[in-house]
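Engineer: what's the 3D shape of this:
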Amino acid sequence: MRIGIRVIGLIFSIPPLAHWMGNRPERMAPLMFVFLVPMILIVVSIASGWWGLSLRYKTNKPRPANRRTGSAGFRYVFGYNNVLRLGSDSEGLFISSWVRLFHPPLFIPWHDVEVGEAKRMLFQRYRILTLGPANRVPVSIDAKTSDRLLAARNRAKVDG
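Structural biologist: Numbers count the residues shown, from 1 in each chain. Here you go, the predicted structure:
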């Protein structure tokens with residue numbers, strides 16, 4: 001945190017920028033937004049495991065027909081609530097975020113998805129899907145949503 005504050009302090013002490021700002025702190029708000037939001041997004045992407053998954057599973061494939069907007073918790077801590085597009089087909093699991101900065105769309109083949117048993121916490125049922133052979137990122141998804149996503153995989157097993 002201190003390093004980030006020092007970096008921001010150095011950026012704002014650049015002579016032309018400091019002269020432009022003068023004693024008007026309201027001019028700092030847009031600059032803070034421009035620098036702070038991307039820093040937060042990259043930290044969340046790395047810490048949640050999305051960045052590591054994107055190194056292997058980044059995709060440009062079109063979204064499958066079986067898709068919906070949903071929520072998921074990455075690594076039990078980072079909640080992507082109602083900002084994800086989740087989809088599946090016979091080949092794998094598609095995950096993309098409404099926020100594309102440092103969160104590219106992912107397509108994870110079924111052989112790299114480990115499906116856990118449905119569990120209950122208070123009044124909500126959820127299922128943990130562990131993604132990737134190397135990173136092994138646990139993602140908790142609502143049980144009803146995960147059942148719909150897994151239905152495409154199960155249909156492929158029956159057909160194949």
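Engineer: For the biggest strand by length in the chain, which strands pair with it and how are they oriented?
Structural biologist: Of all the segments assigned as strand in the chain under DSSP state E, the longest by residue count is strand 78-88. Sheet pairing of strand 78-88 (DSSP bridges) gives strand 66-74 (antiparallel), strand 92-97 (antiparallel).
Engineer: Throw those into JSON lines and include distance to residue 59, thanks.
Structural biologist: From N, CA and C alone the C-beta is placed, and that goes for glycine too. Output for the strands paired with strand 78-88, formatted as JSON lines (distance: least, Cβ to Cβ, whole Å):
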{"stretch": "strand 66-74", "distance to residue 59": "13"}
{"stretch": "strand 92-97", "distance to residue 59": "8"}
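Engineer: rank those strands by pLDDT, which is bottom?
Structural biologist: The stretch with the lowest mean pLDDT among the strands paired with strand 78-88 is strand 66-74, at a mean of 82.
Engineer: what about residue 148, helix or strand, and which?
Structural biologist: Element membership for residue 148, per DSSP states H and E: helix 143-159.
Engineer: Quick check: can you list the domain ranges of this protein?
Structural biologist: 2-48, 50-159 (automatic domain parsing).
Engineer: Out of those domains, which one sits most buried?
Structural biologist: Among those, ranked by average contacts under mean count of other Cβ atoms under 10 Å, first place goes to domain 50-159 (a mean of 16).
Engineer: so residue 80 makes contact with residue 86?
Structural biologist: No: contact between residue 80 and residue 86 fails when scored by Cβ atoms under 8 Å: they sit 9.9 Å apart.
Engineer: what's the closest of the strands paired with strand 78-88 to residue 145?
Structural biologist: Between residue 145 and the strands paired with strand 78-88, the tightest spacing by Cβ to Cβ is seen for strand 66-74, at 4.9 Å.
Engineer: Could you export the closest one as CSV, CA atoms only?
Structural biologist: Written as CSV, here are the backbone C-alpha positions of strand 66-74 (Å, rounded to 0.1, in the frame of the first residue of the first chain):
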residue,chain,number,x,y,z
ASN,A,66,-26.2,-22.1,-23.2
ARG,A,67,-25.3,-18.9,-21.3
ARG,A,68,-26.5,-16.7,-18.5
THR,A,69,-25.4,-13.8,-16.3
GLY,A,70,-24.4,-15.0,-12.9
SER,A,71,-22.1,-14.7,-9.9
ALA,A,72,-19.1,-16.7,-8.7
GLY,A,73,-16.6,-16.5,-6.0
PHE,A,74,-13.0,-17.0,-7.0
